[in-house]
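S.K.: sequence first, then the predicted structure, then my questions.
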Amino acid sequence: MKHLLSAADLSPAQAVHVLDTAAQMAATQAREIKKLPTLRGRTVVNLFFEDSTRTRISFETAAKRLSADVINFSAKGSSVSKGESLKDTALTLQAMGADAVVIRHQASGAPHTLAHAGWTSGAVVNAGDGMHQHPTQALLDAYTLRRHLVGDRGTTDTTGRDLAGLHVAIVGDVLHSRVARSNVQLLRTLGARVTLVAPPTLLPVGVHTWPATVSYDLDDALATRPDAVMMLRVQRERMSSAGGGFFPSPLEYTRGYGLDARRLAALPDHAVVLHPGPMNRGLEISADAADSPRAVIVEQVANGVAVRMAVLYLLLAGDGTRTTRTTDETK
Ligand code: CP
């Protein structure tokens with residue numbers, strides 16, 4: 001695997017290999033081996049054109065725990081504000097030596113352009129591009145689901161699909177969500193069944209062609225007893241930049257699609273609640289739901305470090321043949 005641009009890049013075997021490697025990374029951390037020498041002498045550039053807390057810090061932590069040198073670039077305060085292009089920014093960072101570039105960008109497709117335009121010779125990791133993809137978020141979500149609902153060793157399902165048989169409801173602003181797009185793809189790759197729950201105004205055109213069931217009613221969806229509920233952030237900043245308003249109103253949204261104590265009580269006892277963060281408490285999720293024992297939201301953040309260690313390791317030092325999708329698998 002040369003780059004990680006999309007959850008769709010991963011075959012079932014590759015996805016499971018990343019999750020297994022992440023479990024090994026987590027095990028070393030649990031044994032208080034904080035730093036592995038694996039990427040000593042390699043340089044990881046975090047190239048962030050959009051704000052981030054979790055993704056940027058966890059990629060930095062992951063790279064440092066693998067002993068890589070890390071260069072953090074944030075568009076704010078850089079020459080991007082003087083009009084410098086992605087190409088010239090990438091060429092500048094390449095001149096300083098980059099073995100991997102972790103990029104977050106507001107434009108869908110920017111990581112793909114960076115990977116294929118020859119502006120960097122390093123591996124490119126998509127840390128979120130527009131409304132398109134956020135593959136490491138989907139991987140850390142799958143890792144968290146596997147730990148809670150299946151076990152660290154994955155399923156005994158003969159297809160090797162580690163989340164086979166699980167039912168995950170993804171709820172909220174699907175329209176603007178790269179997390180939803182990546183999760184639908186990866187959850188299906190790993191054998192889970194997905195229900196998307198949203199008001200019609202927050203579903204993308206063509207959603208009925210996605211490999212998921214669509215529901216407009218959260219209470220109906222919860223009555224099907226999903227194993228996990230993944231709440232999505234309402235992305236008000238993308239609504240205003242697209243010229244659209246927030247419809248339904250925030251109050252209507254919370255009534256129809258917010259996860260609160262009443263809806264939490266409707267879930268099966270084993271079910272877990274995920275949210276990629278940052279949360280709009282009181283809008284898509286109430287404080288008591290976010291802080292409940294079945295919420296694994298803080299654990300998702302911790303798992304993000306192990307998953308990103310695994311991704312950097314596999315891209316920069318791993319067995320490329322094991323993780324490269326074969327022609328047969330792409331058919
Ligand atoms: N989940 C996620 O991408 O969070 P950040 O925007 O804080 O990185």
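M.R.: Great, that's in hand.

S.K.: now do the helices in this structure.
M.R.: Applying DSSP state H to the chain gives helices spanning 12-30, 54-65, 86-95, 110-116, 135-145, 178-189, 218-223, 236-241, 250-257, 261-265, 287-290, 297-316, 320-323, 327-330.

S.K.: pipe those helices into CSV and attach mean neighbour count per row.
M.R.: C-beta here means a position set from N, CA and C on the backbone, and glycine is covered the same way. As requested, these are exported to CSV (neighbours: other C-beta atoms under 10 Å):
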stretch, mean neighbour count
helix 12-30, 19
helix 54-65, 21
helix 86-95, 16
helix 110-116, 20
helix 135-145, 27
helix 178-189, 25
helix 218-223, 17
helix 236-241, 14
helix 250-257, 16
helix 261-265, 14
helix 287-290, 17
helix 297-316, 23
helix 320-323, 13
helix 327-330, 8
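
S.K.: quick one: which of those helices is nearest Val197?
M.R.: Proximity to Val197, assessed across these by C-beta to C-beta, is greatest for helix 218-223 (4.6 Å).

S.K.: for the helices of the chain, which one sits closest to the ligand?
M.R.: helix 54-65 (3.2 Å; C-beta to the nearest ligand atom).

S.K.: residues contacting that closest one, please?
M.R.: Residues outside helix 54-65 that contact it (C-beta atoms under 8 Å, 6 or more residues apart in numbering): 25, 29, 34-36, 39, 44, 46, 48, 70, 72, 100, 102, 104, 125, 127-128, 134, 136-137, 276-278, 301, 304-306, 308-309, 311-312.

S.K.: state the distance from Ala142 to Glu84.
M.R.: Ala142 sits 36 Å away from Glu84, going by C-beta to C-beta, to the nearest Å.

S.K.: turn the helices of the chain into a markdown table, columns for distance to Leu196.
M.R.: Shown next, in a markdown table, are the helices of the chain (distance: least, C-beta to C-beta, whole Å):
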| stretch | distance to Leu196 |
| --- | --- |
| helix 12-30 | 20 |
| helix 54-65 | 23 |
| helix 86-95 | 32 |
| helix 110-116 | 24 |
| helix 135-145 | 14 |
| helix 178-189 | 7 |
| helix 218-223 | 9 |
| helix 236-241 | 18 |
| helix 250-257 | 12 |
| helix 261-265 | 17 |
| helix 287-290 | 19 |
| helix 297-316 | 19 |
| helix 320-323 | 29 |
| helix 327-330 | 25 |
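
S.K.: ok, which of those comes nearest Leu166?
M.R.: That would be helix 135-145 among those, by C-beta to C-beta, at 6.6 Å.

S.K.: how about the closest one and the ligand, any contact?
M.R.: Yes. Judged by C-beta under 6 Å from any ligand atom, helix 135-145 comes into contact with the ligand at Gln137.

S.K.: now that helix: how far from the chain's centre is it?
M.R.: Helix 135-145 sits 6 Å away from the centroid of its parent chain (C-alpha atoms, centre = their mean, to the nearest Å).

S.K.: so where's the stretch 51-200 of the chain shaky on pLDDT?
M.R.: Applying pLDDT under 70 to the stretch 51-200 of the chain flags residues 152-160.

S.K.: any residues of it in contact with the ligand? List them.
M.R.: With C-beta under 6 Å from any ligand atom as the criterion, the stretch 51-200 of the chain meets the ligand at residues Ser52, Thr53, Arg54, Thr55, Gly128, Gln137.

S.K.: farthest pair in the residues you listed?
M.R.: Thr53 and Gln137 (12.9 Å).

S.K.: quick one, domains of the protein?
M.R.: For the chain, automatic domain parsing gives the domain ranges 7-133+304-323, 135-300.

S.K.: output those in CSV; the columns should cover distance to Met1.
M.R.: Formatted as CSV, these follow (distance: least, C-beta to C-beta, whole Å):
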stretch, distance to Met1
domain 7-133+304-323, 4
domain 135-300, 11
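
S.K.: center of this protein, which residue is that?
M.R.: Residue closest to the mean C-alpha point of the chain, counted by C-alpha atoms, centre = their mean, is Gln137 at 1.4 Å.

S.K.: hang on, isn't that residue packed against Gly128?
M.R.: Yes. Under the criterion of C-beta atoms under 8 Å, Gln137 makes contact with Gly128 at 7.3 Å.

S.K.: now the common contact residues for the two.
M.R.: Residues touching both Gln137 and Gly128 (C-beta under 8 Å, 6+ apart) are Thr55, Arg178.

S.K.: next up, the contacts around the residue in the stretch 201-331 of the chain positioned nearest to the ligand.
M.R.: In the stretch 201-331 of the chain, the residue that lies nearest the ligand is Pro276 (3.8 Å; C-beta to the nearest ligand atom). For Pro276, the contact set (C-beta under 8 Å, 6+ apart) comprises Arg54, His134, Gln137, Asp141, Val179, Met230, Leu232, Arg233, Gln300.
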